[in-house]
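> need a structure here:
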Amino acid sequence: MAVWHGRKGKKHTGGLIIISRKKRKFELGRMPIAVRLGSEKKKKIRTKGGGMKVRATSVEFANVLDPSTNKVQKSKILDVLQNPANPHLVRSKIVTKGTIIKTEIGNARVTSRPTQHGIVNAVIVEEKK
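Coordinates of the predicted model:
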């Protein structure tokens, strides 16, 4: 089933809009992908204009930045600890932007969008004392 990103026939106030044309191909979207923990799997998608977009379907490693030393290190993701977008995504081990993950280096917050960028970038979260 296609996702349509055109005008829906209602204003944000609730009033009706009379749509004067049909749906167009460039108004189509795609279904969201849930990026899970596991072996690395990526999918290439052709975008409008002929460009390519890499979407991760499962991830195993993250590029983790340590703000104290300002160094980036590739680290294995061990677990998903917290997800502010939806707490139920923690049980399913789904990684989105803003997720707190447990890595070999320490706890880190995901700063990239794995479904849009194809990789996981994260910054170490320092515990408050």
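> just for this protein, where's the confidence low?
Along the chain, the model assigns pLDDT under 70 to residues 1, 127-129.
> Now with 90, please.
Scanning the chain with the threshold set as pLDDT under 90 gives 1-12, 17-21, 23, 25-26, 28-33, 47-48, 126-129.
> could you list every residue that touches the closest residue to V3 other than its chain neighbours?
Leaving aside its sequence neighbours, V3 sits nearest to G29 (C-beta to C-beta, 6 or more residues apart in numbering; 3.8 Å). All C-beta atoms are positioned from the backbone trio N, CA, C, and that covers glycine. G29 makes contact with 2-5, according to C-beta atoms under 8 Å, 6 or more residues apart in numbering.
> can you point me to the longest strand in this structure?
Counting by DSSP state E, the longest strand found in the chain is strand 71-82.
> Just the buried residues of that strand, please?
The neighbour-count check on strand 71-82 (16 or more other C-beta atoms under 10 Å) flags 75, 77, 80 as buried.
> again, but for stretch 13-22
By neighbour count with 16+ other C-beta under 10 Å, stretch 13-22 contains no buried residues.
> And the contacts of that stretch?
With C-beta under 8 Å, 6+ apart as the contact definition, stretch 13-22 has outside contacts at 7, 9-11.
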